[in-house]
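> Everything below, folded, please.
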Amino acid sequence: MRVLISFAALRACTSTGGCAVMAVGAAAGVGMAAVQDRTAGQVMDDGHTYGDVKGRLMAADADGFRDTHVEVYDENLLLSGAVPDEQHHQAALMIARTFPAVHNIYDELVIGERTTLGNAVGDELIGAQIRTRLLASPRVRAVNVNLEVFHGNVYLMGSARNDDELHAAAEIASTVGGVRRVVSFMQVIQVRQPNYYAAT
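This is a model prediction of the structure:
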């Protein structure tokens, strides 16, 4: 019998400092800001939010949330992957909603689809091929695109400089073998251009 999530544990995890913060990748994120169309502060904020959400999920039920993926980009949070039941689904949403800095929560969780070794290997291969094709495409600034793959479903987050780039990223992802569908949460952003002044 599965042990149900303790609401006392959830309350502890949703309180400030209730769970350990995962900061994996935060330092690398600062370096990424140098080439992304985001500031170092934005990258760090997203990294901290990711770490906090992931850490609280693991503290609530590490086995129950082992197939739950978290992605944060520009204060938008994506929950994808799987949970074992509706109680875990609602618990994941409750944890995500405790962060006032998160503007949008995209709920793409499915119930009951646990990941096998074959699923994991297949998803890794799909992700690697998509990244390779995005990097090779002159139509997409690949560094601004984050992706998650779960059982052949591809989720894109990030930014594009125009509508053509937005559609190109989804089109490229859809051409990889094994992809069942592509869901894009990418947004077109206005990139600030430098101002030039003559010397006096």
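
> The most centrally placed residue in the chain is in what secondary structure piece?
Against the mean C-alpha coordinate of the chain, by Cα atoms, centre = their mean, the closest residue is residue 71 at 1.5 Å. Using DSSP states H and E, residue 71 falls within strand 68-73.

> how close does the residue nearest to the centre of the chain sit to residue 198?
Using Cβ to Cβ, to the nearest Å, one gets 44 Å for the distance from residue 71 to residue 198. (C-beta placed from N, C-alpha, C; glycine too.)

> just to revisit the earlier point, downstream neighbour of the strand holding residue 71 in the secondary structure list?
Downstream of strand 68-73, the next assigned helix or strand under DSSP H and E is strand 76-83.

> could you give the angle of that next one to strand 68-73?
Relative orientation of strand 76-83 versus strand 68-73 (axes from the mean of the first three to the mean of the last three Cα atoms, to 10 degrees): 170 degrees.

> Give the other helices and strands that the helix or strand that strand 76-83 is followed by contacts.
With elements assigned by DSSP H and E, the helix or strand that comes after strand 76-83 is helix 86-96. If contacts are counted by 3 or more Cβ pairs under 8 Å, 6 or more residues apart in numbering; DSSP states H and E, helix 86-96 sits against helix 7-14, helix 40-61, strand 76-83, strand 104-107.

> tell me which strands and helices the strand holding residue 71 is in contact with?
helix 40-61, strand 76-83, strand 145-150, strand 153-160.

> which other residues reach it?
46-47, 49-50, 53-54, 57, 77-83, 88, 92, 102, 109, 146, 148, 150, 155, 157-159, 185 (Cβ atoms under 8 Å, 6 or more residues apart in numbering).

> before we move on, the earlier item: worst average pLDDT in the helices and strands packed on helix 86-96?
Confidence, taken as mean pLDDT, is least for helix 7-14 of these (a mean of 46).

> quick one: secondary structure of residue 37?
With DSSP: H, G, I helix; E, B strand; the rest coil as the basis, residue 37 sits in coil.

> on that earlier part again, determine which stretch of the helices and strands packed on helix 86-96 is the most buried.
Highest mean neighbour count of these: strand 76-83, a mean of 23 (counted as mean count of other Cβ atoms under 10 Å).
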